[in-house]
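Asks: output the structure for:
(one chain, ligands or ions: 2)
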Amino acid sequence: MNAFLRDIPKAELHLHLEGTLEPELMFSIAQRNGISLPFESIESARNAYQFTDLQSFLDIYYAGANVLQTERDFYELTRAYFQKAARQNLRHVEIFFDPQTHTDRGIEFETVLNGIYYALKEAKSEFGISSKLILCFLRHLSADAAMATLEKAIFYQDKIVAVGLDSSEIGHPPAKFKTVFDRARQNGFLTVAHAGEEGPPEYIWQALELLKVSRIDHGVRCLEDEKLVERLHRDRIPLTVCPLSNIKLCVFDSIEKHNLKQLLDRGLCVTINSDDPAYFGGYVLENLEAVQTGLNLSRQDIVQLAKNSFTASFLPEDSKQAYLEEIDDFVASFSEVE
Ligand code: ADE
Ligand code: ZN
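Replies: Ligands and ions are numbered 1, 2, ... in the order given. Here you go, the predicted structure:
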């Protein structure tokens with residue numbers, strides 16, 4: 001089954017670039033930039049990755065991101081992710097980046113974007129992995145700060161497909177960013193938002209009604225509201241679910257208690273993603289392995305999840321169709337050799 005999970009063509013739609021910073025690279029960039037880290041060694045960094053909730057993770061995640069300063073740093077970070085993605089047969093990725101985490105430290109928006117973008121182009125030619133960029137606003141900061149970031153992004157619309165909302169969820173409802181998202185949509189950006197990770201179903205409603213999102217990131221708390229499930233189903237709104245993240249941040253007690261299978265069985269368009277793989281113990285393949293084992297998923301479930309990852313993407317229709325056919329061909333040829 002592992003070869004099946006590894007080799008089936010798949011996409012990742014919920015991946016924070018800053019969350020792919022493995023301790024080895026963190027230490028090497030910190031040394032190059034003369035920055036001291038709050039960890040003594042690579043091993044002690046990994047040992048510190050014990051979280052009790054989203055905020056306890058974010059504190060460490062933002063500390064790690066401080067090492068990133070130059071275009072080269074952002075390029076190396078992005079390249080390292082694509083090398084891993086290629087080994088797991090990721091064919092398309094939609095990557096979040098948090099410019100405010102960097103511009104608030106005096107790093108230019110262009111430094112961040114150019115470094116990332118160079119690696120995206122290279123990944124397309126080197127690995128054949130297509131990609132899109134999603135700019136996330138930090139919701140613990142003000143709507144004015146988000147608006148100022150959006151004004152920057154408008155200059156680079158050819159490189160950024162959508163805007164999203166991440167960071168501390170509780171106490172920062174989507175409604176806080178309605179005006180920012182209105183302006184983003186008027187300027188042609190698609191929209192997504194983290195909602196219903198720790199926050200209540202009401203935040204998912206707000207993301208749909210006020211921010212007019214195309215997808216909900218996480219959204220696992222939707223099952224608490226039957227009308228919401230019906231709405232997500234009716235409008236085919238995808239949920240980008242991140243199982244290992246949910247366990248690490250104590251959203252569920254164990255993988256066996258995760259509600260992914262229920263979401264699938266309700267016919268929702270759920271996808272499997274790694275969120276912040278360097279901090280949560282795995283990339284997409286490890287997430288698939290965890291849910292396959294922990295929830296006893298069938299091969300049909302896995303195929304559905306892989307297909308959903310393309311259906312839910314921001315790829316054009318013809319590319320989606322081509323990937324769906326590739327999956328069918330893969331399944332047929334895999335069955336033959338068994
Ligand atoms: N930023 C990085 N990972 C996040 C998550 N899981 N939720 C909210 N903000 C994040
Ligand atoms: Zn996330």
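Asks: can you list the residues of the chain near ligand 1?
Replies: Contact residues (C-beta under 6 Å from any ligand atom) of the chain with ligand 1: 16, 19, 54, 61, 166-167, 194, 197, 245, 275-276. Where you see a C-beta, it was placed from the backbone N, CA and C, and this is true even at glycine.
Asks: mind putting those residues into TSV with secondary structure and distance to residue 31?
Replies: Below are the residues of the chain next to ligand 1 laid out as TSV (DSSP: H, G, I helix; E, B strand; the rest coil; distance: C-beta to C-beta, whole Å):
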residue	secondary structure	distance to residue 31
16	strand	23
19	helix	21
54	helix	30
61	helix	20
166	strand	28
167	coil	28
194	strand	33
197	coil	34
245	helix	29
275	strand	27
276	coil	23
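Asks: out of those, which are buried?
Replies: Using 16 or more other C-beta atoms under 10 Å as the burial test, the residues of the chain next to ligand 1 include 16, 19, 54, 61, 166-167, 194, 197, 245, 275-276 as buried.
Asks: closest one of those to residue 111?
Replies: residue 16 (18.1 Å; C-beta to C-beta).
Asks: name the nearest residue to the closest one, ignoring sequence neighbours.
Replies: residue 96 (4.8 Å; C-beta to C-beta, 6 or more residues apart in numbering).
Asks: now residue 24
Replies: Per C-beta to C-beta, 6+ apart, closest to residue 24 is residue 42, 5.8 Å.
Asks: from memory the one you found sits against residue 28, does it?
Replies: No - assessed by C-beta atoms under 8 Å, residue 42 is found out of contact with residue 28, at 9.8 Å.
Asks: for the helix or strand containing residue 227, name the packing helices and strands.
Replies: Under the criterion DSSP states H and E, the helix or strand holding residue 227 is helix 226-234. Counting contacts by 3 or more C-beta pairs under 8 Å, 6 or more residues apart in numbering; DSSP states H and E, helix 226-234 packs against helix 201-209.
Asks: let me know the angle separating the helix it packs on from helix 226-234.
Replies: 40 degrees (axes from the mean of the first three to the mean of the last three C-alpha atoms, to 10 degrees).
Asks: dump the residue contacts of the residue nearest to residue 24.
Replies: Counting by C-beta atoms under 8 Å, 6 or more residues apart in numbering, residue 42 touches 23-24, 27.
Asks: top of these by neighbour count?
Replies: residue 23 (20 neighbours; other C-beta atoms under 10 Å).
Asks: which residues does that one contact?
Replies: 39, 42, 45-46, 278.
Asks: relative to ligand 1, how far out is it?
Replies: Residue 23 is 17 Å from ligand 1, where distance means C-beta to the nearest ligand atom, to the nearest Å.
Asks: can you pull out the strands in the stretch 101-250 of the chain?
Replies: Assigned by DSSP state E, counting those that start in this stretch, the strands in the stretch 101-250 of the chain fall at 130-138, 162-166, 190-195, 215-218, 239-241.
Asks: could you save the ones you listed as JSON lines and add columns showing mean pLDDT and distance to residue 295?
Replies: Output for the strands of the stretch 101-250 of the chain, formatted as JSON lines (pLDDT from 0 to 100; distance: least, C-beta to C-beta, whole Å):
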{"stretch": "strand 130-138", "mean pLDDT": "98", "distance to residue 295": "28"}
{"stretch": "strand 162-166", "mean pLDDT": "98", "distance to residue 295": "26"}
{"stretch": "strand 190-195", "mean pLDDT": "98", "distance to residue 295": "23"}
{"stretch": "strand 215-218", "mean pLDDT": "98", "distance to residue 295": "17"}
{"stretch": "strand 239-241", "mean pLDDT": "99", "distance to residue 295": "12"}
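Asks: end to end on stretch 208-226, go ahead and measure it.
Replies: 15 Å (C-alpha to C-alpha, to the nearest Å).
Asks: buried residues of it, list them for me.
Replies: So for stretch 208-226, counting by 16+ other C-beta under 10 Å, buried means 208, 210-211, 213-223, 225.
Asks: now do residue 284: how many residues are near it, please.
Replies: Using other C-beta under 10 Å: residue 284 sits among 30 other residues.
Asks: then residue 69?
Replies: Neighbours around residue 69, by other C-beta under 10 Å: 20.
Asks: just the pLDDT for it.
Replies: At residue 69, the model reports a pLDDT of 98.
Asks: how far away is it from residue 33?
Replies: 5 Å (C-beta to C-beta, to the nearest Å).
Asks: likewise for residue 25?
Replies: Residue 25 is 12 Å from residue 33, by C-beta to C-beta.
Asks: re the thing from before, could I get the average pLDDT for the helix holding residue 227?
Replies: 98.
Asks: reformat the buried ones among the residues of the chain next to ligand 1 as CSV; add distance to residue 104.
Replies: Shown next, in CSV, are those (distance: C-beta to C-beta, whole Å):
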residue, distance to residue 104
16, 16
19, 18
54, 20
61, 14
166, 15
167, 12
194, 19
197, 23
245, 24
275, 22
276, 19
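Asks: any idea which of the contacts of residue 23 is closest to ligand 1?
Replies: For these, the residue nearest ligand 1 by C-beta to the nearest ligand atom is residue 278; the value is 11.0 Å.
Asks: kindly format the C-alpha coordinates of the helix or strand hosting residue 290 as PDB.
Replies: Element membership for residue 290 (DSSP H and E) is helix 284-294. Output of helix 284-294 as PDB, limited to C-alpha atoms (Å, rounded to 0.1, in the frame of the first residue of the first chain):
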ATOM      1  CA  VAL A 284       1.600  14.500   2.400                       C
ATOM      2  CA  LEU A 285       2.600  10.900   2.100                       C
ATOM      3  CA  GLU A 286       3.100  10.500   5.900                       C
ATOM      4  CA  ASN A 287      -0.400  12.100   6.400                       C
ATOM      5  CA  LEU A 288      -1.900   9.700   3.900                       C
ATOM      6  CA  GLU A 289      -0.200   6.800   5.700                       C
ATOM      7  CA  ALA A 290      -1.400   7.900   9.000                       C
ATOM      8  CA  VAL A 291      -5.100   8.200   8.000                       C
ATOM      9  CA  GLN A 292      -5.000   5.100   5.900                       C
ATOM     10  CA  THR A 293      -3.800   3.100   8.900                       C
ATOM     11  CA  GLY A 294      -5.600   5.000  11.700                       C
END
